[in-house]
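Trainee: model this:
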Amino acid sequence: LSYTHNFMPSHPTTTSHHHKQQSGKIMGITTDIITYNVKDLCRSYSGQKRAFNIAAFTQLVNGHKCQEAVKSGDMVGYLGHDIRRNFGLRPPEVTIDNGQLIPIEPAFTTIYLKAHLDGTVEHQERFLDTPLGKVAQDWHTSKTGGFSSVVAPDERNPTDFLGFDYVSSPNFNRDRGCVM
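Mentor: Numbering: from 1, shown residues only. Modelled structure (predicted):
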């Protein structure tokens, strides 16, 4: 399992696609298309170097399975990777803890995804009007954190791409939606 922290776009912006306004904030914004390259961390002193099998990764991301998940709204992301670490790459909608039903809610959904043979990845996300979606959206609009891709079993032998999670320090510094 490989979590590859990705990029931040040139600036967090909202598009005309939004859901409702709450306390002066637009909830459920859609990011601009975010672009990063898996061959360039855009970091000098931090980040974990990755050795992507770019041909296999591109074929996987652009393949029918991933594109169907995007088109169906099934490629969801979480605030941080811990949900996937604790409950699996495809976490259940709910879990039971000490007899209590605990919902596991996504924070956003991928609405556009494309990979290129030069290592460039493009994606667009729509934040959900959920408590954790609001947190991820607030971080994004305040230029904090960024998106991190979830590839299984790892980037050298990618057989499953599960989308992105929103993390405080993305490995690929351009997978944020803003320029730092």
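Trainee: what's in contact with stretch 62-79?
Mentor: Contact partners of stretch 62-79, identified using Cβ atoms under 8 Å, 6 or more residues apart in numbering, comprise 60, 84, 91, 104, 106-115, 125, 132, 135-136, 147, 161-166. No exception for glycine: its C-beta is placed from N, CA and C like everyone else's.
Trainee: now those: which count as buried?
Mentor: Among these, those buried by neighbour count (16 or more other Cβ atoms under 10 Å) are 60, 84, 91, 106-115, 125, 132, 136, 147, 161-166.
Trainee: among those residues, which are in strands?
Mentor: 108-115, 125, 147, 161-166 (DSSP state E).
Trainee: ok, the residue sitting furthest away from the middle of the chain - contacts?
Mentor: In the chain, the greatest distance from the average C-alpha position (Cα atoms, centre = their mean) is reached by Gly99, at 31.2 Å. Applying Cβ under 8 Å, 6+ apart to Gly99 gives no contacts.
Trainee: and what of Ile104?
Mentor: Contacts of Ile104 by Cβ under 8 Å, 6+ apart are Tyr78, Ile83, Phe87, Pro91, Pro92, Glu93, Val94, Thr95.
Trainee: by neighbours, which of those residues wins?
Mentor: Greatest neighbour count in the contacts of Ile104, by other Cβ atoms under 10 Å, goes to Tyr78: 24 neighbours.
Trainee: excluding chain neighbours, what is closest to it?
Mentor: Nearest non-adjacent residue to Tyr78, counting by Cβ to Cβ, 6 or more residues apart in numbering: Asp165, 4.9 Å away.
Trainee: same thing with Pro106?
Mentor: Using Cβ to Cβ, 6+ apart and skipping residues adjacent in sequence, the residue nearest Pro106 is Val76, 3.6 Å away.
Trainee: could I get the full set of strands for this protein?
Mentor: Going by DSSP E, the chain shows strands at 2-5, 20-22, 25-27, 34-37, 76-77, 94-97, 100-103, 108-115, 120-127, 146-152, 160-167.
Trainee: quick one: low-confidence parts of the chain?
Mentor: In the predicted model, the chain carries pLDDT under 70 at residues 1-27, 41-49, 170-180.
Trainee: sorry, back to before: tell me which residues form a beta bridge with the residue nearest to Pro106?
Mentor: Beta-bridge pairing of Val76 under DSSP bridges involves Thr109.
Trainee: that one: neighbour count?
Mentor: Neighbourhood size, Val76 [other Cβ under 10 Å]: 21.
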